[in-house]
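**Q** Show me the folded form of this:
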Amino acid sequence: MSEKIVETGQVSSATTDAVDRALVRAFLAEREHHEHSEEQLLAWKNRIKQLLEQQNAVLVAHYYTDPLIQSLAEETGGCVSDSLEMARFGAQHKAETLIVAGVKFMGETAKILTPDKRVLMPTLEATCSLDIGCPIDEFSAFCDAHPDRTVVVYANTSAAVKARADWVVTSSIALDVVDHLDSQGEKILWAPDKHLGGYVQRETGADVLLWDGSCIVHEEFKAKGVADLKALYPEALVLVHPESPVAVVELADVVGSTSQLINAAKNSPNKQFIVATDQGIFYKMQQLCPDKEFIVAPTAGAGATCRSCANCPWMAMNALENLCAVLEPGGAEGHEIFVDPELGKRAMKPLQRMLDFRKPLD
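**A** Sure, this is the predicted structure:
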């Protein structure tokens, strides 16, 4: 086993400013979504169902989106899942149009995998701090400085960053992929989430060089808050997403992707769970385990006005209102995902490796 190497790539202040500006836009957009009546919400749901059928379209939604969006996807034969299964579902479905409820990199991934399909999103403003924090120019320079390393990037990245990579992974297969590459004697350059990359490095013992990026939601979970909750609920199982800080991960009974955490809740005999990931996941957990209690892990520190703010503001920008609007005649303008064909072909190679990974490898 080679000596472990963990270094940090540098993110410029300009990149940090870009994340901050995008976060402010998301916050303002979220505040604009005022309360609607039950009649209005039902009217939008019924109209969306009609429009999906008329346009031979299917709704693909992430676990972190609004429960109303998730239930609608289920009711219409769509998909509610993590980003890996979203990609697989969209690529295999016969629909001519994919409606992706999530964040922009998910729409780009769908377009790369199915370039002949129309891919629409309720809003193209829904982005991700990991994506914004890994701009292609800076990332390419980082890769060029370490040409001896296999480039593995998290799915939460732009099409351009994916095109620069050798492998794309989601949190559900990151450990297995890096373990496989390590067994082949390869050294890894990992981007963009330093917490997930650090977790993978610790678990596999691989030689990993880390980019300095993080998720604005998961980075805010507090180890002391989780420990305090565990003292209040001693029988509760602690479920943690590996994008969380190492001090939080070390308190976990189960560390895993969204789908892995859902399966842990479903299959465990425990009746209480402390969950350190976006609160959107509670819809599926409670649906599958109606007799169990799920407690959101704290993100707030002393003096905060909320115990936990574990909601991605960009995921929250997906709503029935803008989902309906994008399906109405003329509503797709400004909501369709486009990826340069040549860039898409390059990005397709590491994405296909991700999708094929469970198959026998050469």
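
**Q** what mean pLDDT would you report for stretch 272-282?
**A** Stretch 272-282 shows a mean pLDDT of 96 in the predicted model.

**Q** buried residues in it?
**A** Phe273, Ile274, Val275, Ala276, Thr277, Asp278, Gln279, Gly280, Ile281, Phe282 (16 or more other C-beta atoms under 10 Å). C-betas here are computed from N, CA, C, even on glycine.

**Q** residue contacts, the nearest residue to the third one once chain neighbours are set aside?
**A** Sequence neighbours aside, Leu239 is the residue nearest to Val275 in space, at 4.9 Å (criterion: C-beta to C-beta, 6 or more residues apart in numbering). Going by C-beta atoms under 8 Å, 6 or more residues apart in numbering, Leu239 touches Ala252, Asp253, Val254, Gly256, Leu261, Ala264, Ala265, Phe273, Ile274, Val275, Ala276, Thr277.

**Q** Asp182 now?
**A** Counting by C-beta under 8 Å, 6+ apart, the residues that Asp182 touches are Ile188, Thr204, Gly205, Ala206, Asp207.

**Q** what do you get if the cut-off is 10 Å, keeping everything else the same?
**A** Asp182 sits next to Met1, Ser2, Thr150, Ile188, Val200, Gln201, Thr204, Gly205, Ala206, Asp207, Val208 when contact means C-beta atoms under 10 Å, 6 or more residues apart in numbering.

**Q** likewise Cys134?
**A** 9, 11, 15, 128, 142, 153-154, 156-158, 160-161, 191-193, 211-213.

**Q** ok, now His93?
**A** Ala57, Val58, Val60, Gly77, Gly78, Cys79, Thr114, Lys117.

**Q** burial measure for the fourth one, as a count.
**A** The burial count assigned to Gly77 is 12, neighbours taken as other C-beta atoms under 10 Å.

**Q** Secondary structure, pLDDT and distance to Asn318 added to the contacts of His93, as CSV?
**A** Compiled in CSV, the contacts of His93 are given as follows (DSSP: H, G, I helix; E, B strand; the rest coil; pLDDT from 0 to 100; distance: C-beta to C-beta, whole Å):
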residue, secondary structure, pLDDT, distance to Asn318
Ala57, strand, 97, 15
Val58, strand, 98, 15
Val60, strand, 97, 11
Gly77, coil, 96, 19
Gly78, coil, 97, 13
Cys79, strand, 95, 14
Thr114, coil, 93, 20
Lys117, coil, 95, 19
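
**Q** rewinding a little: return the member of the contacts of Asp182 nearest to Ile99.
**A** Using C-beta to C-beta, Val200 comes nearest to Ile99 of the contacts of Asp182, at 32.0 Å.

**Q** So for the helix or strand harbouring the closest one, what gets flagged as buried?
**A** Using DSSP states H and E, Val200 falls within helix 194-204. Using 16+ other C-beta under 10 Å as the test for burial, helix 194-204 gives Lys194, His195, Leu196, Gly197, Gly198, Tyr199, Val200, Gln201, Arg202, Thr204.

**Q** With pLDDT added, can I get those residues in JSON lines?
**A** Below are the buried residues of helix 194-204 laid out as JSON lines (pLDDT from 0 to 100):
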{"residue": "Lys194", "pLDDT": "97"}
{"residue": "His195", "pLDDT": "97"}
{"residue": "Leu196", "pLDDT": "98"}
{"residue": "Gly197", "pLDDT": "97"}
{"residue": "Gly198", "pLDDT": "97"}
{"residue": "Tyr199", "pLDDT": "98"}
{"residue": "Val200", "pLDDT": "98"}
{"residue": "Gln201", "pLDDT": "97"}
{"residue": "Arg202", "pLDDT": "97"}
{"residue": "Thr204", "pLDDT": "97"}
